[in-house]
Structures are given as C-alpha cells and as structure tokens.
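Student: I need the structure of the sequence given here:
(chains A and B)
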Amino acid sequence: MQRGCLAGIHTAPARQPQLLRVAQQANVSVADAAPLRKAATAHIPGDWLVSINSAVILSPETISAYPGGVINLHNGPLPEYAGRHVTQWGIRNGEKVFAATVHYVEADVDAGDIIAAEPFEIRPEDTGLSVFNKSFKVGTKLILTVIDDILVGRKLPRNPQDLSKRKLFRHSDALDGRINWKWNPRQIVDFIRAGNYLPLRSPSHTATIDLSRGRVEVFRAVAEEVSASRQHHSYGTIVDVAASGPLVTCCGGAVRLTDARCEGRVLDRDKWIAIRASIASDGLPGRCVSRLESDGA
Amino acid sequence: MADDGAMEQIADGQDLLTTGVLDSFGYLDFIGALEEAFGMEIDIAKLDEARMVSIVGLASILYELRTLS
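Tutor: Sure, this is the predicted structure:
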C-alpha cells in the first residue's frame, strides 16, 4: 500500500448513502461488508484492513488474508466492554470514564491485542448519542494516529487483553426497552438516557412504557427523593404529576419522567393526568409491590 | 448534492434526517464539520433535538453558542 492510499471501504452501502457518495467522489472503491463474514478471501486487496464502526464478524480467512493485520476501532474500553452498543452499556452501568480502543482483530469478537486506547468522560447529562459521538471523535483521532504509524512502517504495540476481565455485550442483550421499576432511581435515569439517541433512532433500546392506549417512549428523567409518607407506594406508581412530568416511585426513591412521548408527541401534564386517571391504583405497567409494602409496613 | 452530482435545494426549515438529506453517519459528520468550521463544541446532549435537524435550527444553535461564549 502506498502512503496515503486508501484501498477501499467495506460497509453496508444501502444504509450509508452519504459515505458511498463521499467515497465515489474520492474514487475510493466501496464493497458490501456482508460477504466478509464468510468469504475465503477478502474482496479488497491490501496489506491492512481497517474496521471502523462495524458490526461484521470477520471470518478467519478474511483476517489472515491481510499480511499486515486487521485492526478495529472499538468504541469502548477492553476487555471490560466488548461487543455491541457498549457506549450505551457504559452509561447504564454508571461509568464515569470510558475509552475508545484500537485493537488487532482475531476470531473472537474484540478480543485481539490492544494497540492504543484513549479515555473520555461520560457526564451525568450525556445521552446515548452524545457518548457515541464522543467515542467516535476520540476514536477517529486515535485510529488516524495508528494508520499514520502503519504508513511510516512503525511497529505497532501489542498489549494482550486480560480475558479474565472480558465482558461481551450482544445486540440481543440491549433490545428490551421496558423500564424496570425495581431498579433504583440512578439506574432508571441512566437506562433512559442511554436509550436517548435523539434526533436519531437508537440502535438498541429506547426506554418504554407500554400503556393500553399505546407505547410511551421516555427520553429524559431525573432522580428525585420522595417523602417518607410516599415511600410505601409500590414501585411504578405515579405519585404526582407536575408541569415537568409525572413522578414515579421505584426502589429507593422516584424518578420524574421529564421527556416522554407517544407516537412522537410530547406528553404534557394534562395527558399524564389523563393517563394516571385511566390506570388502576396509579400503577404503570411493571408496577410491583415494594419490600416495605409486602412486609406490611 | 444529488446522486447525479447536481446541487439539491434544501429549505431552511427542512428536516435533514426525515427527508433523507443526511443519514446517521452524515449527520454526525455534519455536526463535526460545523464544530470545526465555527471552532466550538456542539453538545448534543444539551440541545433541543427539534432544532438540531434543520439548517435554520442549527444556525440558531450556533448563534446562541457564539453569543454565550
């Protein structure tokens, strides 16, 4: 490969018209990434294959077809966050610091030796999209540095992962958007903001409440303390409705749902009052008896 | 730009996502290009997404960010 020469791009052309257009203007070849999963040989010749934001698991034949190696930009720290939607899992797990990682690709997903990693912050106000965007910004700079090293022939570091700490997140693990009222307020708020990809669609879950009148999608919430007199309520109970949204009890406190929508329309106070009036005992789907109530307190 | 290379007309208030002008990759790339061009960070988490999808909305966001900075 010549210095500065991009051999080609494997992607899902139908889903990436913008990338396709830019590549065509730059006279860079674009190929469908899907066949790479099982192809005996890679479609685009070259010494190295660089994988960015890819959900394709490469076949061993494809990996071995590149004499330099196959490297991947992963948007989470390894080995703790391998797999899919890891920026969203980082939020859900309450991580304060996350990282973009460039690593060698091996047959096991995100298990190859680490070349470089760059940390970034997850703030309390971050959403799924804002953290993904941060990971992409930090990761882009990181992988460009690695590509520069490749182009000048510098030997890349190989730091083996401690696979005893490996956690693999699968796509199917992240699809259930139902809010679990047994979670504590912090967990629920983090779950909701992790699924907030506005103005784009979340690639995995969006926090939802399934009412008989339709599905409510929740994009923002804040944790609130509840007075002792309200702590006997079952988890998942609407205990008041303010202009900013309904306050719903959960394990150890309550959350106020400050941005909830039904069929794309924001639910205002009047709509929440109507919802509250239409459900038995003010309980939302998934309502469950709290420990205090079940103990007869 | 259209597939045939001709320039497309985009209305000021047109939703760039639902009308297919930008896909998710293009959207984040566009936001990044605006940040670079204007030398400021657009914090996606803090913004009203209804304004983040049109030329006029993004222009008002940039104006506010510049005024506040």
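Student: residues near the residue nearest to residue A:63 when sequence neighbours are not counted, how many?
Tutor: Leaving aside its sequence neighbours, residue A:63 sits nearest to residue A:70 (CB to CB, 6 or more residues apart in numbering or on different chains; 5.1 Å). For the C-beta atoms, the positions are set from N, CA and C on the backbone; glycine is no exception. Residue A:70 is flanked by 21 other residues according to other CB atoms under 10 Å in any protein chain shown.
Student: right, and residue A:70 touches residue A:52 too?
Tutor: No. Residue A:70 lies out of contact with residue A:52 (CB atoms under 8 Å); the separation is 11.8 Å.
Student: Surely the residue nearest to residue A:63 forms part of a helix?
Tutor: No. With DSSP: H, G, I helix; E, B strand; the rest coil as the criterion, residue A:70 is assigned strand and is not in a helix.
Student: Pull the contacting residues for it.
Tutor: Residue A:70 is in contact with A:48, A:49, A:50, A:51, A:58, A:62, A:63, A:104, A:105, counting by CB atoms under 8 Å, 6 or more residues apart in numbering or on different chains.
Student: mind redoing it with 10 Å?
Tutor: Residue A:70 sits next to A:36, A:42, A:48-51, A:58, A:62-64, A:103-106, A:112 when contact means CB atoms under 10 Å, 6 or more residues apart in numbering or on different chains.
Student: pLDDT-wise, what's the bottom of the residues you listed?
Tutor: Within the contacts of residue A:70, residue A:42 has the lowest pLDDT, namely 53.
Student: Point out the residues in chain B that sit beside chain A.
Tutor: B:1-3, B:5, B:15-18, B:20-32, B:35, B:41-54, B:57 (CB under 10 Å from any CB of the partner chain).
Student: Grab the nearest non-local neighbour of residue B:20.
Tutor: residue A:17 (8.0 Å).
Student: Which parts of chain B are helices?
Tutor: B:24-38, B:55-68 (DSSP state H).
Student: Let me know which of those helices is tucked in deepest.
Tutor: With neighbours taken as mean count of other CB atoms under 10 Å in any protein chain shown, the helices of chain B reach their highest mean count in helix B:24-38, at a mean of 15.
Student: May I have that one as CSV, with CA atoms only?
Tutor: Listed next in CSV are the C-alpha coordinates belonging to helix B:24-38 (Å, rounded to 0.1, in the frame of the first residue of the first chain):
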residue,chain,number,x,y,z
SER,B,24,-26.8,8.9,10.8
PHE,B,25,-23.2,8.9,9.6
GLY,B,26,-23.7,12.0,7.6
TYR,B,27,-25.5,13.7,10.5
LEU,B,28,-22.6,13.3,13.0
ASP,B,29,-20.1,14.2,10.3
PHE,B,30,-22.1,17.3,9.5
ILE,B,31,-22.2,18.3,13.2
GLY,B,32,-18.4,17.7,13.4
ALA,B,33,-17.8,19.8,10.4
LEU,B,34,-19.9,22.7,11.9
GLU,B,35,-17.8,22.4,15.1
GLU,B,36,-14.6,22.6,13.1
ALA,B,37,-15.8,25.4,10.9
PHE,B,38,-17.0,27.5,13.8
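Student: tell me the angle of that helix relative to helix B:55-68?
Tutor: Computed by axes from the mean of the first three to the mean of the last three CA atoms, to 10 degrees, the angle separating helix B:24-38 from helix B:55-68 equals 40 degrees.
Student: If you average the pLDDT over stretch A:161-181, what comes out?
Tutor: 94.
Student: How about stretch B:23-34?
Tutor: pLDDT averaged over stretch B:23-34 gives 87.
Student: re the thing from before, ok, the residue nearest to residue B:20 - contacts?
Tutor: Residue A:17 touches B:3, B:20, B:22, B:23, B:25, B:26, counting by CB under 10 Å, 6+ apart.
Student: Tell me the predicted confidence for it.
Tutor: Looking at residue A:17, the pLDDT reads 71.
Student: Any stretches of chain B with poor pLDDT?
Tutor: B:1-8 (pLDDT under 70).
Student: ok, residue A:120 touching residue A:134?
Tutor: Yes. The pair residue A:120 and residue A:134 passes the contact test of CB atoms under 10 Å, sitting 5.0 Å apart.
Student: Of those two, give the one with the bigger neighbour count.
Tutor: Taking neighbours as other CB under 10 Å, residue A:120 and residue A:134 compare with residue A:134 leading, 21 against 16.
Student: Tell me the confidence at the more buried one?
Tutor: We have a pLDDT of 95 for residue A:134.
Student: Identify each buried residue in stretch A:20-31, please.
Tutor: A:20, A:21, A:22, A:23, A:28, A:30 (16 or more other CB atoms under 10 Å in any protein chain shown).
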